[in-house]
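In: what shape does this take:
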Amino acid sequence: GSGSGSGLWGSVVEAELVNASLGLYAASFPTSYRGLVGASVIQVVADRDGARFRFMSRANASNIFTYGQPFNASLPAFGGEQVLVSSNGPLGYTPLLEVDNADDTVTCKLGAGVCDSAGSCGGAGYLSGECTLVTEALCANCTVCGFPALYEAQACNATQDAVCRNVTECGAGQYQTVAPSPTADRQCAVCRTAGECGAGEFLNGTCSLGGDRNPVCTACSRCPYYHVVSAACTPSSDTECAAVAASDFAAGAPVAAGEAGAGFVAGGGLQANASAGGGARSNSSYGAAAPVYTGGFGFPADGLPGSGPYALTVTLGREGRVNATTTFSVATPAAVAVAGTVLLTPEVWWDAHVVYVAVQVRGPGWQTRGLGGASVLVQVQPSAGLQALANTQPSQTATTNADGYVVVGVTVPLAWVDDAAGGPQTAQVVAGLASGGSAGLQAVGQVQTRPRAPHSNSSSIVSNGLVARLPGRALYAGEQFEVLLSTRTQYLVETFRLRLELESGLEVVALNGVPSGRWTASTAVSGDRQVASGSFILADTSPDQGAQSGEQQLVQAVLRVSGSGAAVVNRSLALNVTLLFLSDVRQTTLVGQAQPAQMVSGTGAVSSSGTGQVFVGDNLLRGVLGFAADAELVNTAQLDGQAVRSQLGLWAVYSQNQEVRMLAGTAASGCSSSN
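Out: Residues are numbered from 1 along each chain as shown. Model (predicted):
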């Protein structure tokens, strides 16, 4: 309180907690003085070097008592001690009407340097702890993880230290796939085992504990000429071969029992039953009852006709008094490569967007015999421009026939060839074994897109008439194709009649209303199938009466090239389309007499004559694929005087997705040893 304005007096009263959840405190003190009385809050800040006190006041408040000079007072504190209390600022002291605790504990401690502020620790430090009434926040150095034993799992930042973890060590049966770094752990994977290798493969290499080596499955080796198998290939080891001197292969050469280096050969030539004699020899090192054969001399086991089984007789000893007979079969070779060619003309049209490819698989010796049932993959790889229209790589798998041959058709997206595709663009065609995936594909040709011309929005197409769209591609003798008939009217078409007339070499197959089920139709075709007419009535008895936009499709005329030879090949054949009647759902007659249709060519040109043309191309030879009865020929004529022959067959592949066998294993088509 204040007596006469010349001084202040009062006492210190401790506030009591009223509501902890709200942080509400209350203080009461008795007084008999009825003059100006004010209450102030004294803020207590506990620092490391002792308590400090400050009045929380509001200077220059209106209509209340103000002590206009800085105020310092020694007041009794808790426990009976005297503490120095000062006003906040130089403007004096005013008893509080409102508490404005702006000068809080954290602000005070930061200002006094008792706490460090966030962001003040620099790049190599972080703020450790929290600045509160009784705790401090101080800068500390970031921990440096001791690589290579440790790596930094989480980087040090302004408020958190780095987190270090032990670098992982690859365990037994594992190998390293990604090496560790100061900021990343080591990555490990389970090593490949022998059980994962396929037939004819072995596990090559050893698993490196803590290293980066993973064993691989490798094809078993074949022993070279003048070598025999000393240890067969197993899932965990490769074939082992032993050398045999060339002089040991002379027919009738003496062999002593247990002679080192003696081998097994078929020295007397191969007869019809695959029996060998007249000088063939072996020794007990390789076992007379189960002779080891590698195909290194005399005849190749995979060159025999068919798969067997075959009988093989071995004569032992200088006088041939000991012999043994065994049987063997020839395993089907595995497909390892493909050969192919793109059929048709190398163009893809909007009305025939399928790429046909003839593919033949080849074995290790480039043979095709016995490779039926192989799965091949053909893929069309677009240019960047085509990818922008439809980002896909269309592909198709197929299975080869008995001669390792198949024709595969791959449908490409319509977006590549419709009227919004722009000009022609190029796509690569690749093929390979399906088991090899995309990585094993090789180029077999390329195709060029021929997009439909943007005639659907052409201003030259008039309303209330018939529009006929002709194919853009070349046709072939015997091929079936479609001509789409449509119209532009303000309202939905209810009834129409039309007539088609075709030049000799073309014939009508059917007139189909589109979409299917919309029309009730009555059609007629002449005996020579070169004239057709049709009447169509809308099947819906409650059709849409609203205005239409764009073209309405009416009929799909299915036609066929019926002629052959010079009469049609490399010629343009004409067809005439006439609209006889047309009315809409509002029973308005739009066309009441014969009117020629507007003919739209494959290039987008529009003619109002009612007559258009299609071109019939020549079914050209696109490629020849051959196959042999035997994969290899070894000249044994020097042994038995008999020439070795293998018959050949040829597939002639034509443009129109056809294959014709020209020669089928005749004596005239073959290979033989001459001497």
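In: only C-alpha atoms from now on, for both contacts and neighbour counts.
Out: OK.
In: just the CA coordinates of stretch 355-366, formatted as CSV?
Out: Provided in CSV are the C-alpha atoms of stretch 355-366 (Å, rounded to 0.1, in the frame of the first residue of the first chain):
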residue,chain,number,x,y,z
VAL,A,355,2.8,-58.3,-86.2
TYR,A,356,3.5,-61.8,-87.4
VAL,A,357,6.9,-63.4,-86.9
ALA,A,358,8.2,-66.8,-88.0
VAL,A,359,10.5,-68.2,-85.3
GLN,A,360,12.7,-71.3,-85.3
VAL,A,361,14.6,-72.6,-82.3
ARG,A,362,18.1,-74.0,-82.5
GLY,A,363,20.0,-76.4,-80.3
PRO,A,364,23.7,-76.3,-79.1
GLY,A,365,24.9,-77.6,-82.5
TRP,A,366,22.5,-75.3,-84.3
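In: could I get the average pLDDT for it?
Out: Here stretch 355-366 scores 79 as its mean pLDDT.
In: now that stretch: buried residues?
Out: 355-363, 366 (16 or more other Cα atoms under 10 Å).
In: what residues does it touch?
Out: 333-344, 348, 368, 371, 374, 376, 378, 400, 404-412, 431, 433, 447, 625, 631-632, 653, 657 (Cα atoms under 8 Å, 6 or more residues apart in numbering).
In: leaving out the residues flanking it, which one is nearest to C223?
Out: C241 (5.8 Å; Cα to Cα, 6 or more residues apart in numbering).
In: just checking, A335 touches L371?
Out: Yes. Taking contacts as Cα atoms under 8 Å, A335 lies within contact range of L371: 6.5 Å.
In: quick check: the gap between the closest residue to A162 other than its chain neighbours and V144.
Out: Residue nearest to A162 in three dimensions, not counting chain neighbours: C156, with 4.0 Å by Cα to Cα, 6+ apart. For C156, the distance to V144 equals 9 Å [Cα to Cα, to the nearest Å].
In: can you list contacts of the helix or strand containing L580?
Out: L580 is part of strand 571-584, with elements assigned from DSSP states H and E. If you take Cα under 8 Å, 6+ apart as the criterion, strand 571-584 is touched by 464-466, 468, 489, 491-506, 589-597, 610-617.
In: about what we covered before: wait, doesn't the residue nearest to A162 sit right on Y126?
Out: Yes. Contact criterion Cα under 8 Å: C156 and Y126 qualify, at 7.2 Å.
In: and these two? Which one has more around it.
Out: Y126 (25 against 19; other Cα atoms under 10 Å).
In: my guess is that one meets A137, correct?
Out: No. Y126 lies out of contact with A137 (Cα under 8 Å); the separation is 10.0 Å.
In: just to be sure, V18 is in a strand?
Out: Yes. V18 forms part of a strand when assessed by DSSP: H, G, I helix; E, B strand; the rest coil.
In: burial count for it?
Out: 12.
In: ok, P596 next?
Out: Number of residues near P596 (other Cα under 10 Å) recorded here: 21.
In: mind checking pLDDT for it?
Out: According to the model, P596 scores 96 on pLDDT.
In: ok, now R497?
Out: At R497, pLDDT is 96.
In: please enumerate the shared neighbours of C156 and V144.
Out: Common neighbours of C156 and V144, using Cα under 8 Å, 6+ apart, are A162.
In: what about the stretch 551-675 of the chain, any weak spots by pLDDT?
Out: Scanning the stretch 551-675 of the chain for pLDDT under 70 picks out 622-623, 625-643, 645-649, 655-675.
In: just the strands from it, written as ranges.
Out: Under the criterion DSSP state E, counting those that start in this stretch, the stretch 551-675 of the chain contains strands at 552-561, 571-584, 589-591, 595-596, 598-600, 606-607, 611-616, 621-628, 645-654, 658-664, 670-672.
In: picking that back up, please identify every residue contacting each of C156 and Y126.
Out: C142.
In: can you give me the helices for this structure?
Out: When assigned using DSSP state H, the helices of the chain occupy the ranges 105-111, 384-389, 637-640.
In: buried residues, the second one. List them.
Out: Translated: helix 384-389. 385-386, 389.
In: what pLDDT, on average, does it get?
Out: The predicted model assigns helix 384-389 a mean pLDDT of 91.
In: outside of that helix itself, which residues are in contact with it?
Out: By Cα under 8 Å, 6+ apart, the surrounding residues in contact with helix 384-389 are 415-416, 421, 425.
In: from these, which shows the smallest pLDDT?
Out: In terms of pLDDT, the weakest of these is A421, which scores 74.
In: burial of that residue, as a residue count?
Out: 22.
In: same check, this time on A172
Out: Look at A172: counted by other Cα under 10 Å, it has 12 neighbours.
In: same deal with V653?
Out: Counted with other Cα under 10 Å, the neighbours of V653 add up to 26.
In: related to what we said a few turns ago, any chance of the contacts of helix 384-389 in TSV, with distance to S117 too?
Out: Formatted as TSV, the contacts of helix 384-389 follow (distance: Cα to Cα, whole Å):
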residue	distance to S117
A415	62
W416	63
A421	63
Q425	64
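In: most neighbours, which of those?
Out: Neighbour counts for these (other Cα under 10 Å) peak at W416, which has 28 neighbours.
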